[in-house]
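A.B. asks: Give me the fold of what follows.
(chains A, B and C)
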Amino acid sequence: MGPYPITNKALMTQADNLKRIWSTLEKVPAGKVVSYGQLADLAGLPGRARLAARALRLAPAERALPWFRVIGANGRISIPKESSGYQRQMERLRAEGVMVNNGRVKMSEYQWQPDLSELLWQLNF
DNA sequence: TGCGTGACGTTTG
DNA sequence: GCAAACGCCACGC
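C.D. replies: The predicted structure follows:
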């Protein structure tokens, strides 16, 4: 967390950006999913979907973030289907009641739609 | 100093 | 549904 809570590029370090994304990800409730772009948006980093993806790769394991609740905006799991991560993600999602068919989730049903003012209140970057 | 590469996204055809 | 063309930008080389 930098000294300034505003997305002023000149004052935000990459470490700050990653922390913002991780903090926001922690707020995604079980049984719901968010897209990479949505996660970045909610973290105050509009248009930074790729950064959200990067943040997941770099996420510290001990933080136990719900990385599996992040999928592509098209509702598909974005990890190569031949990878073990693909299977793990599908299992974790199903374990909390999310229906996954052919690596795909129905966004209209499972996408998290947080109350923005409430989220802003909870987050303390 | 480029330049290619990404667990990405939107628009257009 | 699919593919191409952009847009985005941190990072490694």
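
A.B. asks: how near is residue A:97 to residue A:54?
C.D. replies: Distance of residue A:97 to residue A:54, given as CB to CB, to the nearest Å: 28 Å. Yep, even glycine has a C-beta here, placed from its N, CA and C like the rest.

A.B. asks: can I assume residue A:21 is in contact with residue A:37?
C.D. replies: No: applying CB atoms under 8 Å, one finds residue A:21 not in contact with residue A:37, separated by 11.6 Å.

A.B. asks: Show me whatever sits in contact with both of these two.
C.D. replies: residue A:52 (CB atoms under 8 Å, 6 or more residues apart in numbering).

A.B. asks: So which of these two has more stuff around it?
C.D. replies: Between residue A:21 and residue A:37, counted using other CB atoms under 10 Å, residue A:21 has the larger neighbour count: 28 against 18.

A.B. asks: Nearest residue to the more buried one in space, please, no chain neighbours.
C.D. replies: residue A:55 (4.1 Å; CB to CB, 6 or more residues apart in numbering).

A.B. asks: Can I take it that that neighbour is in a strand?
C.D. replies: No: applying DSSP: H, G, I helix; E, B strand; the rest coil, one finds residue A:55 to be helix, outside a strand.

A.B. asks: wait, what's in contact with it?
C.D. replies: Residue A:55 touches A:17-18, A:21-22, A:25, counting by CB under 8 Å, 6+ apart.

A.B. asks: ok, back up a step: okay, residue A:97 and residue A:54: which has more neighbours?
C.D. replies: It is residue A:54, of residue A:97 and residue A:54, that has more neighbours when counted by other CB under 10 Å, with 16 against 10.

A.B. asks: any idea how far residue A:100 is from that one?
C.D. replies: For residue A:54 relative to residue A:100 (CB to CB), the value is 24 Å.

A.B. asks: Return the helix or strand in chain A with minimum mean pLDDT.
C.D. replies: Using mean pLDDT, DSSP states H and E, the weakest-scoring helix or strand in chain A turns out to be helix A:116-122, at a mean of 92.
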